[in-house]
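[1] Here is the input, now give the coordinates:
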Amino acid sequence: MSIVKMIFLAVIAIFFFQFIDNSESEFDGVIMVPPDTKVLAFGDSITSGYRVDADKNYPSQLSKLLQVDVINAGISGEETGAGLRRLPALLDKYKPQILILCHGGNDIIRRRNFTNTKENIAQMIKLAQARKIHVVLVGVPMIEILRFKTASFYYELAAEFNVPLEDKALEEILYDDALKIDKVHPNAQGYTILSNNIAQMVTDTYTPINF
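    Residues are numbered from 1 along each chain as shown. Predicted coordinates for the structure are as follows:
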C-alpha cells in the first residue's frame, strides 16, 4: 500500500470517528469534585436501578465518572411522603456534601395530589440545605399532550430554592424505547445518559466550601 493511500485512509478514519454516535461515551467534562466528596443519590426505582446490573445504575456510573463515593439510597415503589420520612436519618448517617434528588415518579404514576408531592420534595430540599448540602434536583416527566414533559412543579421548586434542575435526561429516555426496559425505567444505555447529565450538572454547579 502506498504512503499516499495510507494517509488518505487515516484521514477518512478520523473523519468517521468524529461523527459516529457517541451517546454511550463517558462524561468528558473537567472533574471539579474533590476526591473526598460524598454524594447521596436519593429516590425511588430510577435511583435504585430497577432490573439493571448493580454497576449499570446511575449512582454506580456517576461514582465512576466523578471518581467519588456515591451512595445509592433508592427504594423501588417509594412515594415522596415515605421518602421525606426516610431522608433525615440518611443525611445524618452519611453526611454527604451533595444530594442528588430524583423523587416523585411514583406520585405521578399513581396520580397523587401534586401539591402534596411538591411540598414533600420541598421539605427534602430544606432538610439538605439546612445541613449546607448542595442539592441537584432531577425532574421526572409526565405525559403532556402526547409527549413526555418534566412536571412543572420541579421548575417551581428549582426556582424557589435556587437549586440546579436536570430536566432533559429522563425526557429523552422515556421518549425512546431503545433506552428503556419497560414503559418507565431506563436500561443500561439510558442510565449512561442520565449519569452523564448529572455528572455535568454537578461539576457545573458544585463549589466545595473549602475550595
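
[2] residues in contact with the helix or strand hosting Val39?
    According to DSSP states H and E, Val39 maps onto strand 38-43. Strand 38-43 is contacted from outside by 47, 58-59, 62-63, 66, 68-74, 78, 83, 87, 90-91, 94-103, 105, 124, 133, 138, 202, using C-beta atoms under 8 Å, 6 or more residues apart in numbering. The way it works is simple: take the backbone N, C-alpha and C, and place the C-beta from them, glycine included.

[3] Please report the distance of Asn187 from Glu78.
    Per C-beta to C-beta, to the nearest Å, Asn187 is found 21 Å from Glu78.

[4] Comparing these two, which shows the higher neighbour count?
    Glu78 (21 against 17; other C-beta atoms under 10 Å).

[5] what are the phi and psi angles of the nearest residue to the more buried one once chain neighbours are set aside?
    Spatial nearest neighbour of Glu78, excluding adjacent residues (C-beta to C-beta, 6 or more residues apart in numbering): Asp44 at 4.6 Å. Note on Asp44: its backbone torsions stand at phi -110, psi -140 [degrees, to the nearest 10].

[6] I'd like the distance between Asp44 and Ala130.
    For Asp44 relative to Ala130 (C-beta to C-beta), the value is 23 Å.

[7] These two - which one has more neighbours?
    The neighbour count for Asp44 versus Ala130, taken as other C-beta under 10 Å, is higher for Asp44 (24 against 10).

[8] so that one touches Ala73, yeah?
    No: applying C-beta atoms under 8 Å as the test, Asp44 and Ala73 come out as separate, 10.3 Å apart.

[9] Could you list every helix and strand in contact with the helix or strand containing Leu157?
    Using DSSP H and E, Leu157 sits in helix 152-161. For helix 152-161, the helices and strands in contact under the criterion 3 or more C-beta pairs under 8 Å, 6 or more residues apart in numbering; DSSP states H and E are helix 114-130, strand 134-138, strand 165-166.

[10] counting contacts, what elements does the next helix or strand after the second one pack onto?
    Sequence-wise, the next helix or strand beyond strand 134-138 is strand 141-143, with elements assigned using DSSP H and E. Under the contact criterion of 3+ C-beta pairs under 8 Å, 6+ apart, the helices and strands touching strand 141-143 comprise strand 148-150, helix 169-175.

[11] Poorly predicted segments of this structure, please.
    1-32, 145-146, 210-211 (pLDDT under 70).

[12] what do you get if the cut-off is 80, keeping everything else the same?
    Low-confidence segments of the chain, defined by pLDDT under 80: 1-32, 143-147, 209-211.

[13] Quickly note the distance from the residue nearest to Glu78 to Ala122.
    17 Å.

[14] same thing with Arg51?
    In terms of C-beta to C-beta, Arg51 sits 30 Å off from Ala122.

[15] So which of these two has more stuff around it?
    Ala122 (17 against 13).

[16] And the helices and strands packed on strand 141-143: which comes nearest Pro35?
    helix 169-175 (25.1 Å; C-beta to C-beta).
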